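S.K.: test case, fold it:
(chains A and B, ligands or ions: 1)
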Amino acid sequence: MNGWHVPDDLRAAYLDGGLPEAAAMSVEVHVASCQGCQAAFPVQEEWLEESWAAIADVVDRPAPRPLTRGLTALGMPEHVAVFLAATPGLTRSWLLGVAGALGFAVAAAHAADRSMLVFLAVAPVLPLLGIAAAYGARVDALYEVASAAPISGGRVLLLRAMAVLVAALLVTGAATPALPAFTAAWLLPSLALTGAALALGPLLAPHRASALLAAGWLAAVPAGREAVFGAPAQAAYAMALIPFVYLGARRWNRL
Amino acid sequence: MTPDSDAALLAAVAEGRLEALRVLHHRHAPWLRARLARRCGDPDLVQSALQDTFVAVWQDAGRYRPSEGAAGAWLWTIAIRKLVSALRGRPAPVAAEAAVTESAEDLVLRAVEHGDLGTALNRLSPELRAAIRATVLDGLTVKEAARLLGVPEGTVKTRVMRAKAQLRELLT
Ligand SMILES: [Zn+2]
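M.R.: Below is the predicted model:
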């Protein structure tokens, strides 16, 4: 630019912060487009290499997992998406397991009409198992992630439970049309059991609460189709959901 | 366009060549750091804004248009917005409309080198100068300037207005 370059003393004063504003602006505008003056800025080699290493580390990272990309595409903030994608109950092996269990239940229902009960018994337990998987053995690692994520620990638990629930509901929902007789009777018990697990979670630890409820549910199913899946029972599940939703919302807002 | 020009390097970065980003980083990080440091006293925030800048360059190098101005000026528009984001405490995408404010900068430069505006600028109070710097020189929106300076948007607007009035007065 017109043969003028930032003199050494001017640059030194600029770096000191002691340069008057107008002169500093002048320096900045010139430096932005003058390669010679850019190169004249002092370089701390060690800082430069460290700073580059940090950037290369981020940039060279493997591409985000498909689930993370999908969630971000749906408008979810990236840190939440990365976090949810790491939920044990959402891994491919877990979802394959869920699909396998459902396939078995559907096949059983086809083999004998009475075995429809197998499907109805299994379906509500699946999200519970997901929650147990998410908070069981890996609970410590989870808290580590939780403390690094800009989401509070309690919200992390609820967020993960919701994600597991939604995934399990989607898979189970997809299996429902394959049944000999269309039925969505599993849906309300499934929601009620998950809600109960979350409500009891803080008292018992989520994985224990889930195991307890799953056991209770499986013990109750032999009472018969009408008793467990009939209209009065369904109404009771729906009623039970109300306090759970209320509790969940309150807990969420307090976090 | 020589192979080691900023424009050529940015084109290479757009093709996914990491080595080109490294050359750009080594060339521009020192002055960008100094310029960011003048706007933010927290070295950690400056460091993280600088890192975010080059990560953004890696992703968005294809958006650079040599016809719109020097690569250094383009890098600065990213860096200053990354600093604003760092101050806000969460990442924000580089605004697609983050236009290079070359013309405004040129205007200031010419006036500054002319002498009169320089004297006038130096007579402004530090608050008014910071407001002018953020909005005119750094090309930030009022909202972004408010984040950077840590004052409400209304205050930025008033300060810019006052600064302009004062400059007009001092220059005539
Ligand atoms: Zn120069």
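S.K.: could you use CA atoms for every contact and neighbour count after this?
M.R.: Noted.
S.K.: what is the least confident helix or strand in the chain?
M.R.: Going with chain A. helix A:139-148 (a mean of 45; mean pLDDT, DSSP states H and E).
S.K.: oops, chain B please
M.R.: helix B:102-114 (a mean of 51).
S.K.: quick one, phi psi at A:Pro42?
M.R.: Phi and psi for A:Pro42, reported as degrees, to the nearest 10, are phi -60, psi 140.
S.K.: now do the contacts for B:Leu83.
M.R.: B:Leu36, B:Leu45, B:Val46, B:Ala49, B:Leu50, B:Leu148 (CA atoms under 8 Å, 6 or more residues apart in numbering or on different chains).
S.K.: so where does it fall, helix or strand?
M.R.: B:Leu83 belongs to helix B:71-88 when assigned by DSSP states H and E.
S.K.: again with A:Gln234
M.R.: helix A:231-254.
S.K.: with just CA atoms, put that helix into PDB.
M.R.: The C-alpha trace of helix A:231-254 is given here as PDB (Å, rounded to 0.1, in the frame of the first residue of the first chain):
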ATOM      1  CA  ALA A 231     -59.500 -50.100  28.800                       C
ATOM      2  CA  PRO A 232     -59.600 -49.600  32.600                       C
ATOM      3  CA  ALA A 233     -55.900 -50.500  32.800                       C
ATOM      4  CA  GLN A 234     -55.000 -48.200  29.900                       C
ATOM      5  CA  ALA A 235     -56.900 -45.300  31.700                       C
ATOM      6  CA  ALA A 236     -54.900 -46.000  34.800                       C
ATOM      7  CA  TYR A 237     -51.600 -45.800  32.800                       C
ATOM      8  CA  ALA A 238     -52.700 -42.500  31.300                       C
ATOM      9  CA  MET A 239     -53.600 -41.100  34.800                       C
ATOM     10  CA  ALA A 240     -50.300 -42.300  36.200                       C
ATOM     11  CA  LEU A 241     -48.400 -40.400  33.500                       C
ATOM     12  CA  ILE A 242     -49.800 -37.000  34.700                       C
ATOM     13  CA  PRO A 243     -47.800 -36.800  37.900                       C
ATOM     14  CA  PHE A 244     -44.700 -38.200  36.100                       C
ATOM     15  CA  VAL A 245     -44.900 -35.500  33.500                       C
ATOM     16  CA  TYR A 246     -45.400 -32.900  36.200                       C
ATOM     17  CA  LEU A 247     -42.500 -34.100  38.300                       C
ATOM     18  CA  GLY A 248     -40.300 -34.300  35.200                       C
ATOM     19  CA  ALA A 249     -41.100 -30.700  34.200                       C
ATOM     20  CA  ARG A 250     -40.500 -29.500  37.700                       C
ATOM     21  CA  ARG A 251     -37.200 -31.200  38.000                       C
ATOM     22  CA  TRP A 252     -36.200 -30.000  34.500                       C
ATOM     23  CA  ASN A 253     -36.900 -26.400  35.500                       C
ATOM     24  CA  ARG A 254     -35.200 -26.600  38.800                       C
END
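S.K.: now that helix: average pLDDT?
M.R.: Averaged across helix A:231-254, pLDDT comes to 81.
S.K.: may I see the buried residues of it?
M.R.: A:Gln234, A:Tyr237, A:Ala240, A:Leu241, A:Phe244, A:Val245, A:Gly248, A:Trp252 (16 or more other CA atoms under 10 Å in any protein chain shown).
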